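Student: Provided below for reference: sequence and predicted model.
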Amino acid sequence: MQEFLPNEVSEIIATTPALRGAYAVGGCVRDWLLGNQSTDFDIEVFGVSYAELVRALSPFGRTDLVGRSFGVVKLGTRSGLTVDFSIPRRDSKTTPGHKGFEIEFDPGIAPREAAARRDFTINSLMFDPRTNQLLDYFGGEADLRARVLKHTSAAFVEDPLRVLRGMQFASRFDLIPAPETVDICRRMTPNFGELARERVRDEWFKWAGKSRVPSRGLKFLATTGWIEHFPELDALRSTPQDPEWHPEGDVFVHTCHCCDALVDLPGWRDADFESRVVLSLATLAHDFGKPSTTHRGRKKGRFRIISPGHEEAGGPVAEQFLNRIHAPRSVSDRVVLLVRNHLAHLRPATDRSVRRLARRLEPENIRNLCLVMTADHFGRPPEPKVPPPGISELLKKAEELEIQSNAPLPILRGRDLVAIGMEPHPEFRLILSESYECQLDGTIRNLGDAYRWLMEQPFSLLSDRVKARLREKIDSLD
């Protein structure tokens, strides 16, 4: 077990008689078999009560009992590790909803019975740290090697969240669902309403921030019928595209390709978790406006399938989807801005237009927008993955103006107005707003320009005394 369990934890288990029934379980075992480094370790301890588990762990560090109702003890070791120790339990579904479970702790549960209650076979794996033996009661290792997502037992139906967990597991580990798992998920479709929105959000965010092949999860939703609970996404499946521009198929097929292309981009892989979530959700939602705008129309002298205005139309639909999955404003605001501007590369990249785009995107930025636009363009196989010139031109202009990661900083600020003798006043906001608009237009390029512009304005605060100070400032800057 030394291959992945920290030595400190192995030592605790080996030297503590009460932990003789301790096994590493779940994701840390799965990740170890995949060759991935795990930082979350779950240890299930058989044959002891919760109180006995707490007493056994107390000498080794701080025991946090916040998970008492679920039989979990969080051990904070002296070296700074945090490890979850738990006792096995029997969960019985009593009423609909994610809180409708009766939890009963039972030290007498055998490892096989405990493993049977886990969602998927790849998560039912256990490891004995004393013998270095893998306990694989349900073929999880073989399923992992064959890239098959299979539910562990009939207990799967007790928690509908497991379907959404299947979505993100399929994407994170590039898994294909077993037919019997698809069938059981289909039967659970009516149970979606039992889920708390926060739990739905958490699974979508894992899909968005951790996927290797995002399309696996999207297709899993379609195959199981759970896509009907996300109508903004479902509508993409019946929306055609012009085959000359989109040889890959309908908008859903295109979106799947785009999401897969995004996670291969270094900019996505190098981003922080929240930014990866934003970029993935923006790519998912970038064509949400097409179902309402797509029709056959004349373009360049012939009839084609077109979607005029889908960029702007997609904003409200994306916001609706993000509200549905309970995304916080810090995420949804950024996603909607990227959706509403994902065709920016089709417009000329002038100094003025790029400055205004950077301003319009706040708190997002042009660099992230270019990632979404690149993924959009790459999602058209068999077309080659070559970014269109407009994206590189836009990014080059943004870098030239030093605004690829943020909007232009205001040249004229409140302290500059105070420096010329103005007293703080509500009119400051109007002055600074109008000067910033001129800056975006290119009229104001430096503080001297800002002061000269101010001299010509009819603001009430521009007394003779202030104008005299303005002239002095202008002379000193010139």
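Tutor: Ah, there it is. Since this is a predicted model, take the numbers as computed values, not measurements.
Student: what residue is smack in the middle of the protein?
Tutor: Val277 (1.9 Å; Cα atoms, centre = their mean).
Student: tell me the contacts of that residue?
Tutor: Counting by Cβ atoms under 8 Å, 6 or more residues apart in numbering, Val277 touches 205, 208-209, 331. Just so you know, the C-beta spots here come from the backbone N, C-alpha and C atoms, and that holds for glycine as well.
Student: One more: Arg465?
Tutor: Per Cβ under 8 Å, 6+ apart, neighbours of Arg465: Gly421.
Student: which regions of the stretch 51-200 of the chain sit below the pLDDT cut-off?
Tutor: Where the stretch 51-200 of the chain drops to pLDDT under 70, the residues are 91-103.
Student: how about the helices in it?
Tutor: 111-116, 140-146, 161-173, 179-187, 197-210 (DSSP state H, counting those that start in this stretch).
Student: Out of these, the one nearest Asp416 is which?
Tutor: Among these, helix 197-210 comes nearest to Asp416, with 41.4 Å by Cβ to Cβ.
Student: you'd agree Cys256 is up against Ser211?
Tutor: No - counting by Cβ atoms under 8 Å, Ser211 is not a contact partner of Cys256; they are 11.4 Å apart.
Student: Look at the residue nearest to the centre of the chain and report its pLDDT.
Tutor: Per-residue pLDDT puts Val277 at 98.
Student: Make CSV from the helices of the stretch 51-200 of the chain and add mean neighbour count to it.
Tutor: Formatted as CSV, the helices of the stretch 51-200 of the chain follow (neighbours: other Cβ atoms under 10 Å):
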stretch, mean neighbour count
helix 111-116, 18
helix 140-146, 17
helix 161-173, 24
helix 179-187, 16
helix 197-210, 20
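Student: Tabulate those helices (CSV), appending distance to Asn341.
Tutor: Listed next are these as CSV, based on distance: least, Cβ to Cβ, whole Å:
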stretch, distance to Asn341
helix 111-116, 49
helix 140-146, 41
helix 161-173, 26
helix 179-187, 36
helix 197-210, 19
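Student: Farthest from the middle of the chain: give me that residue.
Tutor: The chain, Cα atoms, centre = their mean, max distance from centroid: Asp464 (55.4 Å).
Student: Next one: that one from Arg471, what distance?
Tutor: 11 Å (Cβ to Cβ, to the nearest Å).
Student: now do Leu265
Tutor: In terms of Cβ to Cβ, Leu265 sits 52 Å off from Arg471.
Student: More neighbours: which of the two?
Tutor: The neighbour count for Leu265 versus Arg471, taken as other Cβ atoms under 10 Å, is higher for Leu265 (17 against 13).
Student: Spatially nearest residue to Ala155 (excluding sequence neighbours)?
Tutor: Arg117 (5.1 Å; Cβ to Cβ, 6 or more residues apart in numbering).
Student: do the same with Ser215
Tutor: Cys256 (3.6 Å).
Student: same thing with His257?
Tutor: Gly379 (3.6 Å).
Student: likewise Asn365?
Tutor: Asn365 sits nearest to Ser405 (Cβ to Cβ, 6+ apart), 4.9 Å away.
Student: Just give me the neighbour total for the one you found.
Tutor: Other residues near Ser405 number 12, with proximity taken as other Cβ under 10 Å.
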